[in-house]
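[1] My questions concern the predicted model and sequence given below.
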Amino acid sequence: MLHGDRACGHFQSFAPNARIPWLCPVELATAQYCSQTRWAVRGALPEGMRRKYSSHSSKKSVSCPGDGTKDTWAPDGAPPLSVRSRNQTTIAMSYYSFIQWCHCTVNPCMGCDGCELFPCITRLIRTINEWLVSHEVSNPYVRKVIELEVESRTPSATYHSRVAIAKCVLAAALPGMPVSPRQVRDLACAIAAEFRCYAAILHLRYAKNSTKPHKVGKKGFAPTFEEVTLFRGRAAAAANWSDLKNVNDPEKPWLDGARRLIFLSDMGDLLSRAVTIEYILEEVIGSVSSSEGQRHFWLWLTKRPARMAQFSRWLHAQGIAWPDNLVAMTSVTSGDTVGRVAALKKVKCRYRGLSIEPLWSAVKLPLDQIDWAIVGGESGPWAKPFELDWARDIRTQCAASGTAFFLKQIGTKPTAGGIPIRLQDRHGGDWAEWPADLRVRDLPQAFRR
Ligand code: SF4
């Protein structure tokens, strides 16, 4: 009998006064756990599926050995994630995602060429130089040392070696003088603060680490974030997921009535250089336009909309139509990246969306032909402040252009008129803590048809 199967005889209900932090009282009443395997199963699961958690985890979710996302459902009959074959990574995807604007995620590739949220070597060198200048310890000799230290590494390796690099650079910057641990820590933090992409951070945590050669990278991840790796079959498996039309999710009531929204490629960028057009055609377009895939909406987010437009032209030239259920999306983080919207409009598709997250400044957006705008403040240890009026301004712009507005989160450091707001939720994702006028999470009507 498979572990986790309710029929194995080891399943029992939780005690009436049990407190399981990741189950709400209603779920707790119907949840069971297996006394042998210590896997817990929520009650009232969608048809044919069950959700698995480790009952001895105190966290809200368990990590998935597949794609690094945190919460996973598995088809009936599938063994628990912990006992699946290591080669079965193609089925390891996030059937349930905590991202507010989608139901689930799938990653036909892992890793990325980088963007403003993941630094290149040149930017890392500049960051270190700026830190030294601001602390008045720069000299011409130390600049050569920085280049030697950083240029010989990849950005991921620089992140892992940031303390060693900081020690070496400070020793060169302060010859004959003692270097304090605080100086080393501050410079190492300045390097770490350049790494803001959560997909990159998960790779830095779980993939290979150049400073720990004995550590094996997690299956389902790219070896390092820079080494974009393809995972065939994941999108096809996601296409088979059940239809969510008319299925309500109490945790995301704003998605009620929508078809299943699948975030395509949240752990990398499918339009990175290593991913060929043929691969995208086969893995993505094939799955999205299959009869199963057409039951869902696929949200394809990229920081490379110009390449997406190029791909759409190529598709057009082959006589293949862009599937109507494939939403072309790009990201804007500040005025410097607003140009991506114009590139997105060149994609020959039916629906377009913007992820304006993390938003670092007020932006004016050309929102004609844009169906959806998702706005969010930055979260995490290096988060920049998020002014609530920026979100109000975008909401007004959306109202003028008929674009659906969705406020995902107000981030770790929200401010109102420049005054910091204290929140319980460290991501600012609980809309009960927001001003009433900002509690807006709209979807394009087409997603509900
Ligand atoms: S995955 Fe997206 S956010 Fe992260 S580095 Fe790549 S393009 Fe940037």
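    Received, thanks.
[2] Every contact and neighbour count from this point should use C-alpha atoms.
    Noted.
[3] Can you spell out which residues form a bridge with whatever residue of the stretch 201-350 of the chain ends up closest to the ligand?
    Taking Cα to the nearest ligand atom as the measure, the stretch 201-350 of the chain has residue 268 as its residue closest to the ligand, at 3.7 Å. With DSSP bridges as the criterion, residue 268 is bridged to residue 111.
[4] what's near enough to touch it?
    107, 109, 110, 111, 112, 199, 200, 228 (Cα atoms under 8 Å, 6 or more residues apart in numbering).
[5] So what's the residue count around the residue lying closest to residue 444 once chain neighbours are set aside?
    Spatial nearest neighbour of residue 444, chain neighbours left out: residue 404 (5.5 Å); criterion: Cα to Cα, 6 or more residues apart in numbering. Applying other Cα atoms under 10 Å, we find 20 residues neighbouring residue 404.
[6] What separation is there between residue 404 and the ligand?
    23 Å (Cα to the nearest ligand atom, to the nearest Å).
[7] hang on, residue 142 packs against residue 175?
    No: taking Cα atoms under 8 Å as the definition, residue 142 is not a contact partner of residue 175, at 9.9 Å.
[8] more neighbours, the two?
    residue 142 (21 against 10).
[9] how far away is the more buried one from the ligand?
    29 Å.
[10] List the contacts of that residue.
    Contacts of residue 142 by Cα under 8 Å, 6+ apart are 169, 172, 173.
[11] got the residues of the stretch 301-449 of the chain near the ligand?
    residue 303 (Cα under 6 Å from any ligand atom).
[12] Of the contacts of residue 142 - the most surrounded one?
    Highest neighbour count within these, by other Cα under 10 Å: residue 169, with 25 neighbours.
[13] Phi, psi for that one please.
    When quoted as degrees, to the nearest 10, the phi and psi of residue 169 stand at phi -70, psi -40.
[14] From what I see, it and residue 146 are in contact.
    Yes: taking Cα under 8 Å as the definition, residue 169 is a contact partner of residue 146 at 6.3 Å.
[15] re the thing from before, if I look at the residue of the stretch 201-350 of the chain closest to the ligand, how far off is residue 370?
    23 Å (Cα to Cα, to the nearest Å).
[16] How about residue 433?
    Taking Cα to Cα, one finds residue 433 at 28 Å from residue 370.
[17] Next: residue 146.
    Applying Cα to Cα to residue 146 and residue 370 gives a distance of 44 Å.
[18] again with residue 150
    Distance from residue 150 to residue 370, by Cα to Cα: 41 Å.
[19] if you count what's nearby, which of those two comes out ahead?
    residue 370 (24 against 21).
[20] May I have the beta-bridge partners of the closest residue to the more buried one other than its chain neighbours?
    Ranked by Cα to Cα, 6+ apart and with sequence neighbours excluded, the top spatial neighbour of residue 370 is residue 352, at 5.2 Å. Per DSSP bridges, the residues bridged to residue 352 are residue 328.
[21] got a list of what residue 352 touches?
    327, 328, 329, 344, 345, 369, 370, 371, 372.
[22] rerun that using 7 Å as the cut-off
    327, 328, 329, 370, 371, 372 (Cα atoms under 7 Å, 6 or more residues apart in numbering).
[23] Could I get the full set of strands for the stretch 51-200 of the chain?
    Using DSSP state E, counting those that start in this stretch, the strands of the stretch 51-200 of the chain run over 73-75, 104-106, 109-110.
[24] Considering those strands, which stretch scores lowest in mean pLDDT?
    Mean pLDDT is lowest for strand 73-75 among those, at a mean of 33.
[25] just the helices in this structure please.
    For the chain, applying DSSP state H gives helices covering 25-30, 121-134, 140-151, 155-160, 162-173, 181-192, 198-206, 234-239, 277-279, 286-288, 305-317, 339-345, 388-401.
[26] what's the most buried one of those helices?
    helix 234-239 (a mean of 24; mean count of other Cα atoms under 10 Å).
[27] what's the neighbour count on residue 330?
    25.
[28] Can you verify my assumption that it contacts residue 302?
    Yes: Residue 330 is in contact with residue 302 according to Cα atoms under 7 Å; the separation is 5.0 Å.
[29] Can you list the low-confidence ranges for this structure?
    For the chain, the stretches flagged by pLDDT under 70 are 1-93.
[30] can you list the domain ranges for it.
    Listed domain ranges for the chain are 6-68, 121-192, 351-449 (source: automatic domain parsing).
[31] how about the spatially most central residue of the chain, what does it touch?
    The C-alpha lying nearest the average C-alpha coordinate of the chain belongs to residue 266 (Cα atoms, centre = their mean; 4.5 Å). If you count contacts by Cα under 7 Å, 6+ apart, residue 266 has them with 105, 107.
[32] Pull the contacting residues for residue 308.
    Neighbours of residue 308 in contact, by Cα under 7 Å, 6+ apart: residue 347.
[33] Next, the contact list for residue 274, please.
    residue 228.
[34] From residue 215, how far out is it?
    Using Cα to Cα, we find residue 274 at a distance of 25 Å from residue 215.
[35] for residue 425, same thing?
    33 Å.
[36] who has more neighbours, these two?
    For residue 425 versus residue 215, the count of surrounding residues by other Cα under 10 Å is larger for residue 425: 15 against 12.
[37] ok, the more buried one to the ligand distance?
    Distance from residue 425 to the ligand, by Cα to the nearest ligand atom: 22 Å.
[38] which residues does residue 420 bridge with?
    Under the criterion used (DSSP bridges), residue 420 bridges to residue 415.
[39] close enough to count as contact, it and residue 412?
    No: using Cα under 7 Å, residue 420 is not in contact with residue 412; the gap is 10.0 Å.
[40] Settle it for me: which of these two has more neighbours?
    Legend: neighbour count by other Cα under 10 Å for residue 420 and residue 412, higher for residue 412 (25 against 13).
[41] roughly how far apart are the more buried one and the ligand?
    Remark: distance between residue 412 and the ligand (Cα to the nearest ligand atom) = 18 Å.
[42] residues in contact with that residue?
    378, 379, 380, 383, 426, 427, 428.
[43] thinking again about what came up before, including distance to residue 362, could the helices of the chain go into JSON lines?
    Shown next, in JSON lines, are the helices of the chain (distance: least, Cα to Cα, whole Å):
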{"stretch": "helix 25-30", "distance to residue 362": "41"}
{"stretch": "helix 121-134", "distance to residue 362": "24"}
{"stretch": "helix 140-151", "distance to residue 362": "33"}
{"stretch": "helix 155-160", "distance to residue 362": "29"}
{"stretch": "helix 162-173", "distance to residue 362": "32"}
{"stretch": "helix 181-192", "distance to residue 362": "25"}
{"stretch": "helix 198-206", "distance to residue 362": "23"}
{"stretch": "helix 234-239", "distance to residue 362": "36"}
{"stretch": "helix 277-279", "distance to residue 362": "35"}
{"stretch": "helix 286-288", "distance to residue 362": "35"}
{"stretch": "helix 305-317", "distance to residue 362": "21"}
{"stretch": "helix 339-345", "distance to residue 362": "15"}
{"stretch": "helix 388-401", "distance to residue 362": "5"}
